[in-house]
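Undergrad: just need the structure, nothing else, for what follows:
(one chain, ligands or ions: 1)
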Amino acid sequence: MTTKSVDVLLVGAGAMSTTLGMLLKQLDPSIKICMVERLDYVAHESSDGWNNAGTGHAAYCELNYTPKKADGSIDTTKAFKINSEFETSLQFWSHLVEQSVLPSPKQFINPTPHISFVWGEENVEFLRQRHATLSATAAFCDMEFSEDPEVLREWMPLVMQNRDPADKVAATRVRYGTDVNFGELARSMAKHLGTQADFDLLLSRIVHDLDKQTDGSWNVTVKNTETGAKEVINSQFVFLGAGGGALPLLQKSGIKEGKGYGGFPVSGQWLVCKKPEIVEKHLAKVYGKAPIGAPPMSVPHLDTRIIDGQRALLFGPFAGFTTKFLKQGSLLDLPKSIRTGNIKPMLSVAMKNMDLTRYLISEVMQSHGARVEALRNFFPDARDEDWTLAHAGQRVQIIKKDEKLGGKLEFGTEVITAEDGSMAALLGASPGASTAVPTMISIVERCYIQHRGKSDWKARIKSMIPSYGESLNDNPELLRSVRERTLGTLELLDRETVTA
Ligand SMILES: Cc1cc2nc3c(=O)[nH]c(=O)nc-3n(C[C@H](O)[C@H](O)[C@H](O)COP(=O)(O)OP(=O)(O)OC[C@H]3O[C@@H](n4cnc5c(N)ncnc54)[C@H](O)[C@@H]3O)c2cc1C
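TA: Next comes the predicted model:
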């Protein structure tokens, strides 16, 4: 027996579902949405402040987005893609701030220079070449490069303090990098949605089962985690935005597009410092190079975090291993996700990724002293007693079938949609919440514009996101005007310092 019927059921109340809910309500205020969250609070898993690094990924500082090619040149493909995707997110957030849908930008996004920092002859040469390649383009034209210790000391005093003068070091900087509190952003969006007609947020409700109906809709069984009561909600469209919980639900849905997927959870840990006398000396996100053999999401960085108006420092991530798919999940998550359809890719990945296994074991075994020693590469004067260990969220990396290898492990994100557009799921976690807006737009395109004939929505999306449907990388004039708007509206920098 169904208790209610809706147009859209959003599973999970993190950055992704709240973004999709907000987009859909902006496109059609009459759309009937129900959001179901297993916890008693919005965005308390990966999207929450300390559960992620809060980097507005724009490829300004992340060296793993610009690998060196075999011919010695720099591959910038990923950097341009992520940069323009982040510009899409910034435009949507600007639109919401302009409409007073989102609160003052300072509550969820803050300017925090993005710096890449390297040491050693070879790495300095790489950074110089990366800077020369990127800064010649409109997207990265404000990127500065320096090897001058005086300049670097000004950019990042803690990093340069008491550093051996014989060290060969260099850095690049983009001043309008960002620190984003994705938890606050999601909660602000959920709060606004809660004021709208035809929007229901059900907290402490876990989605248990999903049954496809003959009319194409879904009956979704939801259990109240406090009372144990069950209800069945009928929905025309379901989004599995359950973070690490999306894979088990995708498997339960039985859609053929979800077959063969597996998940490999990697947890994260940070060293955190809240001592004002240290925190006040560092205002930047300083990204280094990942150690050899380490997975891409383990690039070490020393970051300013601004959460609930409080500044703090974070260093990490240090990887950890658990079989839970969610921070507040169950140790049975991984074993229960093994199916006949994904056992081959999972075994193949397990056998072929011994270096990752070794890396995870070495990370898990590290002592506090060893972690602070790693921090001293970035902050030579760091003292063990000023830093404490904090546990971040879970990232469930995607394992999928591969004809040649049997299975492969992927570190990106993947949107899976049912053939008829009645369901979409998001797997993986990188680049993550920074690209939530373009990722959710891709779901709107596939499931609404394509499958439900909502082609008139394209013009509405363009009115909110002026670069929609165009390439920012091929259109420097559009990029300049888009940046002027977003940096101004989101209070990220004075217009005069932007030359894009
Ligand atoms: C260590 C770490 C560092 C990161 N750093 C960054 C960064 O610097 N920049 C960046 O952009 N991204 C970063 N990310 C990625 C980013 O945090 C995620 O991409 C993003 O938060 C995912 O949002 P989500 O809504 O999909 O998932 P979540 O925020 O995890 O939300 C999913 C929600 O679904 C709920 N749920 C799960 N199962 C069910 C169920 N069966 N029924 C009902 N509800 C359910 C959960 O309780 C949860 O609230 C990082 C992630 C980690 C773990």
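Undergrad: from here on, contacts and neighbour counts on C-alpha atoms
TA: OK.
Undergrad: who touches the nearest residue to G54 once chain neighbours are set aside in this structure?
TA: In this structure, G54 finds its nearest non-sequential neighbour in V180, 4.7 Å apart by C-alpha to C-alpha, 6 or more residues apart in numbering. Taking C-alpha atoms under 8 Å, 6 or more residues apart in numbering, we find V180 in contact with G54, T55, G56, F108, I109, N110, I306.
Undergrad: any idea which of these is closest to E184?
TA: F108 (5.7 Å; C-alpha to C-alpha).
Undergrad: isn't that closest one up against R187?
TA: No. F108 lies out of contact with R187 (C-alpha atoms under 8 Å); the separation is 9.9 Å.
Undergrad: strands paired with the longest strand belonging to the chain, and their directions?
TA: Counting by DSSP state E, the longest strand found in the chain is strand 388-402. Using DSSP bridges, strand 388-402 pairs in its sheet with strand 262-273 (antiparallel), strand 406-410 (antiparallel).
Undergrad: contacts for stretch 429-438 next, please.
TA: 15-16, 19-20, 47, 55-57, 82, 85-86, 88-89, 92, 182, 243, 297, 395-397, 411-413.
Undergrad: can you give me the helices in the stretch 351-500 of the chain?
TA: Using DSSP state H, counting those that start in this stretch, the helices of the stretch 351-500 of the chain run over 354-365, 368-375, 436-444, 457-464, 476-489.
Undergrad: any idea how far the ligand is from A312?
TA: 15 Å (C-alpha to the nearest ligand atom, to the nearest Å).
Undergrad: give me the nearest residue to that residue, chain neighbours excluded.
TA: K274 (4.8 Å).
Undergrad: count the residues that sit near that neighbour.
TA: Residues within reach of K274, counting by other C-alpha atoms under 10 Å, total 17.
Undergrad: and if you look at the one 4 residues further on?
TA: The criterion is other C-alpha under 10 Å. On that basis, I278 has 14 neighbouring residues.
Undergrad: how about the secondary structure of it?
TA: Of the three states, I278 takes helix under DSSP: H, G, I helix; E, B strand; the rest coil.
Undergrad: worst-scoring helix or strand of the protein, pLDDT-wise?
TA: One helix or strand of the chain scores below all others by mean pLDDT, DSSP states H and E: helix 354-365, with a mean of 78.
Undergrad: so what touches it?
TA: Contacts for helix 354-365 (C-alpha under 8 Å, 6+ apart): G293, A294, P295, F318, A319, G320, F321.
Undergrad: the helix or strand harbouring the fourth one - which strands sit beside it in the sheet, and in what orientation?
TA: I take that to be F318. Using DSSP states H and E, F318 sits in strand 310-320. Strand 310-320 pairs in its sheet with strand 262-273 (antiparallel), strand 301-307 (antiparallel), by DSSP bridges.
Undergrad: give me the buried positions along the first one.
TA: Read that as strand 262-273. G262, G263, F264, P265, V266, S267, G268, Q269, W270, L271, V272, C273 (16 or more other C-alpha atoms under 10 Å).
Undergrad: using CSV, list the CA coordinates for that strand.
TA: Provided in CSV are the C-alpha atoms of strand 262-273 (Å, rounded to 0.1, in the frame of the first residue of the first chain):
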residue,chain,number,x,y,z
GLY,A,262,31.3,-3.0,-7.2
GLY,A,263,32.7,-0.6,-4.6
PHE,A,264,36.0,-0.3,-2.7
PRO,A,265,35.7,1.9,0.3
VAL,A,266,38.7,4.2,1.3
SER,A,267,38.3,6.3,4.4
GLY,A,268,40.2,9.4,5.1
GLN,A,269,41.8,11.0,8.2
TRP,A,270,43.2,14.5,8.8
LEU,A,271,45.5,16.2,11.2
VAL,A,272,43.6,19.2,12.5
CYS,A,273,45.0,22.2,14.3
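Undergrad: what residues does it touch?
TA: Against strand 262-273 from outside (C-alpha under 8 Å, 6+ apart): 247, 279, 312-325, 334, 337-338, 342, 345-346, 371-372, 386-400.
Undergrad: could I get the contacting residues of P113?
TA: By C-alpha under 8 Å, 6+ apart, the neighbours of P113 are R173, V174, R175, Y176, G177, T178, L283, A284, K285.
Undergrad: hey, what's the last one bridged with?
TA: Just to be clear, that refers to K285. H114, D303.
Undergrad: what sits against it?
TA: So K285 contacts T55, C61, T112, P113, H114, I115, H301, L302, D303, T304 (C-alpha under 8 Å, 6+ apart).
Undergrad: what's the pLDDT at the closest residue to S89 other than its chain neighbours?
TA: Once flanking residues are discounted, S89 sits nearest to V437: 4.9 Å by C-alpha to C-alpha, 6+ apart. On pLDDT, V437 comes in at 98.
Undergrad: out of the contacts of P113, which are inside strands?
TA: R173, V174, T178, K285.
Undergrad: which one of those residues has the most neighbours?
TA: In the ones in strands among the contacts of P113, the most neighbours by other C-alpha under 10 Å go to K285, 30 neighbours.
Undergrad: now that one: how far from the ligand?
TA: K285 is 10 Å from the ligand, by C-alpha to the nearest ligand atom.
Undergrad: state the pLDDT value of that residue.
TA: At K285, pLDDT is 98.
Undergrad: swap in the one 10 residues further on?
TA: Here the pLDDT value assigned to P295 is 71.
Undergrad: report how many residues lie close to the nearest residue to it once chain neighbours are set aside.
TA: Once flanking residues are discounted, P295 sits nearest to L356: 6.9 Å by C-alpha to C-alpha, 6+ apart. For L356, the neighbour count with other C-alpha under 10 Å is 14.
Undergrad: run a quick neighbour tally on the closest residue to the ligand within the stretch 401-500 of the chain.
TA: Relative to the ligand, the nearest point of the stretch 401-500 of the chain is G432 (3.2 Å; C-alpha to the nearest ligand atom). A count of neighbours around G432, defined by other C-alpha under 10 Å, yields 21.
Undergrad: ok, back up a step: for the ligand, which of the strands paired with strand 310-320 is the nearest?
TA: Of the strands paired with strand 310-320, the one closest to the ligand (C-alpha to the nearest ligand atom) turns out to be strand 262-273, at 4.4 Å.
Undergrad: how about the strands in the stretch 1-150 of the chain?
TA: 2-11, 33-36, 109-111, 114-119, 144-146 (DSSP state E, counting those that start in this stretch).
Undergrad: redo those as a markdown table? Include mean neighbour count and mean pLDDT.
TA: Shown next, in a markdown table, are the strands of the stretch 1-150 of the chain (neighbours: other C-alpha atoms under 10 Å; pLDDT from 0 to 100):
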| stretch | mean neighbour count | mean pLDDT |
| --- | --- | --- |
| strand 2-11 | 19 | 93 |
| strand 33-36 | 24 | 98 |
| strand 109-111 | 23 | 96 |
| strand 114-119 | 24 | 97 |
| strand 144-146 | 18 | 98 |
